[in-house]
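**Student:** Quick one, structure for this:
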Amino acid sequence: MYRIESQLNIHSPEFLANREAFLGILNEYRDRLKLVRLGASPLAIQKHVERGKLLARERIDMLVDPNTPFLELSALAAYGMYENQFPSAGIITGIGVIHGRETVIIANDATVKGGTYMQETIKKHVRAQEIALENHMPCVYMVDSGGVFLHDQANVFPDKYDFGRFFFNQARLSAERIPQIAIVMGSCTAGGAYVPAMSDETIIVKNQGTIFIGGPPLVKAATGEEVSAEELGGADVHTTISGVADHYAENDQHAIQICRNIFQNLEAKNRQILDIQIPEEPYYDPKELYGIAPVDLRKPMDAREIIARMVDGSRFQEFKARYAPTIITGFAHIMGFPVGIIANNGVIFSETSLKGAHFIELCSFRKIPILFLQNVTGFMVGKEYERRGIARDGAKLVHATANTRVPKFTVVFGGSFGAGNYAMAGRAYEPRLLFMWPNAKISVMGGEQAASVLIQVKEDQLRLQGKVFDAVERETMRSSILAKYEAEGSAYFSTARLWDDGIIDPTDTRKLIAMGIAMSLNHNYPDPQFGVMRM
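**Tutor:** Below you'll find the predicted structure:
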């Protein structure tokens, strides 16, 4: 592989101005993340700690192997929603290492509305289970929840991906022989009682953990029986009488140690073999990404400059370098792991689609994970391109992206607009992980384009009525549309609704993608299988 020759002048006024603008965006992101990680109100935290309980992130820190990273997912879930009363959507999810095994961890934050579930909490829990299933990783549930947030019951109870999906996923994980361990560290009520009941092994903390289908108020309302929570479903009941729990823990710390001990006896898995090399830092400083990240999405940029600061030794074996230059394809290593990279370098044409589909086939047959780097305005439009069959050729890229069976990872480092989002492995195409840089934008099209389209539609409607679109009204409409697209297209709007797995610092990209590839090795990649591609 050859080292990419950077064409950037990192001392130029343009580079320095972009860096300053991006650092402002990055600092705003860090401030928001810091605020969210403070969690709930100080009073709620104080009450939680006074009960002798660890906070959710403290529990996770104690569970994972010392000096290993924890990849927290969707830390800004529900940000800017519900008057910010649900920091991180009241649940911490992510990937950590326990006795050397990559593991999905789902930890309720009882300081946030008692650990209850609203829409985004459920989406976050389900997404974590999907990652465990896709990558055949063990799953640990650190349960401390009052169940459904009753004020939001119509939005969290009955649908396919609502609360009941937890237990459907647990059944599927179990059928795939993927271990699940539950640590009941607080309340585990109503449907939530199935979390420990459907796990392989369950640990419960004395005088803290409770498991029951109906809590004391419901029991009294339904039967007239008065019973305490401990008598109804405490640690003594479930470890000596019902058998619902398997291990009795004195406190949070003891429960976590029991969980770590269980991991020492889990079945060893056959892992996917990759040609892993000795990791190497990029030749170019990853911090230079701050001066490259597109702040103004209207300005063209060469995606090779991004790749050069992300891959080992900044070396890249480019594929079809002279053909269809609006997409960059090629092979590299990230922290020793081989990876195929597909990066946007402009709009998608027919030849761009063919090049991308060809490269995806290569990675699929060679069983090399694929990293999609998105900065895409969409597919080219116009009479000439339609007649040349861009819909047909674009479909080939969509086919290939959807049907490749090697792990896909997606990072939106600029814009993600229209069908380009789909072809480049957006959320609907099930990448194993999808991250956004804080400058990223995502929407069906850019705000300017949307405003032009909608204004044209409005003018046509008025013309048919014999009316004229007033210039003031036109400008008011344009401003309103631009403001709407600016707000709804931001990375924060996306991550709050879990359209991605989190906003990340660009310099962390290579580390997080390497962690993603490592977790994907827990089972063998299936052989390639593609559908019919219209010729």
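**Student:** what are the phi and psi angles of residue 486?
**Tutor:** phi -60, psi -40 (degrees, to the nearest 10).
**Student:** burial of it, as a residue count?
**Tutor:** 13 (other C-beta atoms under 10 Å). (C-beta placed from N, C-alpha, C; glycine too.)
**Student:** That one touches residue 447, doesn't it?
**Tutor:** Yes. Contact criterion C-beta atoms under 8 Å: residue 486 and residue 447 qualify, at 5.9 Å.
**Student:** who are the neighbours in contact with residue 71?
**Tutor:** Residue 71 sits next to 94-96, 512, 515 when contact means C-beta atoms under 8 Å, 6 or more residues apart in numbering.
**Student:** Go again with 10 Å.
**Tutor:** Counting by C-beta atoms under 10 Å, 6 or more residues apart in numbering, residue 71 touches 93-97, 102, 104-105, 433, 501-502, 504, 508, 511-512, 515-516, 519.
**Student:** average pLDDT across the longest helix anywhere in the chain?
**Tutor:** The residue-count maximum for a helix in the chain (DSSP state H) belongs to helix 13-37. When pLDDT is averaged over helix 13-37, the result is 97.
**Student:** So which other helices or strands are in contact with it?
**Tutor:** When contacts are defined as 3 or more C-beta pairs under 10 Å, 6 or more residues apart in numbering; DSSP states H and E, helix 13-37 packs onto helix 289-292, helix 491-496.
**Student:** After it, which helix or strand is next?
**Tutor:** Following helix 13-37 in sequence order, the next helix or strand is helix 42-50 (DSSP states H and E).
**Student:** got the buried residues for that next one?
**Tutor:** 44-45, 48 (16 or more other C-beta atoms under 10 Å).
**Student:** got CSV for those, with distance to residue 443 and pLDDT too?
**Tutor:** Shown next, in CSV, are these (distance: C-beta to C-beta, whole Å; pLDDT from 0 to 100):
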residue, distance to residue 443, pLDDT
44, 36, 93
45, 37, 94
48, 39, 95
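**Student:** Can you work out which residues contact both of residue 486 and residue 447?
**Tutor:** residue 441.
**Student:** returning to what we had before: which of the contacts of residue 71 fall within helices?
**Tutor:** 511-512, 515-516, 519.
**Student:** quick revisit: which one of the helices and strands packed on helix 13-37 lies nearest to residue 270?
**Tutor:** helix 491-496 (34.7 Å; C-beta to C-beta).
**Student:** host element of the residue located most distally from the centre of the chain?
**Tutor:** Most distant from the centre of the chain: residue 466, at 49.8 Å, with distances by C-alpha atoms, centre = their mean. Counting by DSSP H and E, there is no helix or strand that carries residue 466.
**Student:** same question, residue 107
**Tutor:** Per DSSP H and E: strand 101-108 holds residue 107.
**Student:** Just the buried ones from the contacts of residue 71?
**Tutor:** So, by 16+ other C-beta under 10 Å, the buried ones in the contacts of residue 71 are 93-97, 102, 104-105, 433, 501-502, 504, 511-512, 515-516, 519.
**Student:** Please, where are all the strands along the stretch 201-350 of the chain?
**Tutor:** 201-205, 210-212, 247-249, 315-319, 327-334, 337-344 (DSSP state E, counting those that start in this stretch).
**Student:** quick one: average pLDDT of stretch 430-438?
**Tutor:** 98.
**Student:** Quick one: end-to-end distance for that stretch.
**Tutor:** End-to-end distance for stretch 430-438: 21 Å, by C-alpha to C-alpha, to the nearest Å.
**Student:** how near is residue 227 to residue 221?
**Tutor:** 12 Å (C-beta to C-beta, to the nearest Å).
**Student:** any common contacting residues for those two?
**Tutor:** By C-beta under 10 Å, 6+ apart, no residue touches both residue 227 and residue 221.
**Student:** Of those two, which one has the most company?
**Tutor:** The neighbour count for residue 227 versus residue 221, taken as other C-beta under 10 Å, is higher for residue 227 (14 against 10).
**Student:** And the residue nearest to residue 21 when sequence neighbours are not counted, how close does it get to residue 477?
**Tutor:** Distances taken as C-beta to C-beta, 6 or more residues apart in numbering place residue 295 nearest to residue 21, at 4.6 Å, with adjacent residues excluded. To residue 477, residue 295 is 27 Å away according to C-beta to C-beta.
**Student:** By mean pLDDT, which helix or strand of this structure comes out lowest?
**Tutor:** helix 153-156 (a mean of 83; mean pLDDT, DSSP states H and E).
**Student:** which other helices and strands contact that helix?
**Tutor:** The contact analysis (3+ C-beta pairs under 10 Å, 6+ apart) places helix 153-156 against helix 119-135.
**Student:** Dump the C-alpha coordinates for the helix it packs on into PDB.
**Tutor:** Taking Å, rounded to 0.1, in the frame of the first residue of the first chain, the C-alpha atoms of helix 119-135 are listed here in PDB:
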ATOM      1  CA  GLN A 119     -39.800   6.100  23.700                       C
ATOM      2  CA  GLU A 120     -36.100   6.900  23.300                       C
ATOM      3  CA  THR A 121     -35.200   4.700  26.300                       C
ATOM      4  CA  ILE A 122     -36.900   1.800  24.600                       C
ATOM      5  CA  LYS A 123     -35.200   2.500  21.300                       C
ATOM      6  CA  LYS A 124     -31.800   2.600  23.000                       C
ATOM      7  CA  HIS A 125     -32.400  -0.600  24.900                       C
ATOM      8  CA  VAL A 126     -33.600  -2.400  21.700                       C
ATOM      9  CA  ARG A 127     -30.700  -1.000  19.700                       C
ATOM     10  CA  ALA A 128     -28.200  -2.400  22.200                       C
ATOM     11  CA  GLN A 129     -29.800  -5.800  22.000                       C
ATOM     12  CA  GLU A 130     -29.600  -5.700  18.200                       C
ATOM     13  CA  ILE A 131     -25.900  -5.000  18.400                       C
ATOM     14  CA  ALA A 132     -25.500  -8.000  20.700                       C
ATOM     15  CA  LEU A 133     -27.400 -10.200  18.300                       C
ATOM     16  CA  GLU A 134     -25.600  -9.000  15.100                       C
ATOM     17  CA  ASN A 135     -22.200  -9.500  16.600                       C
END
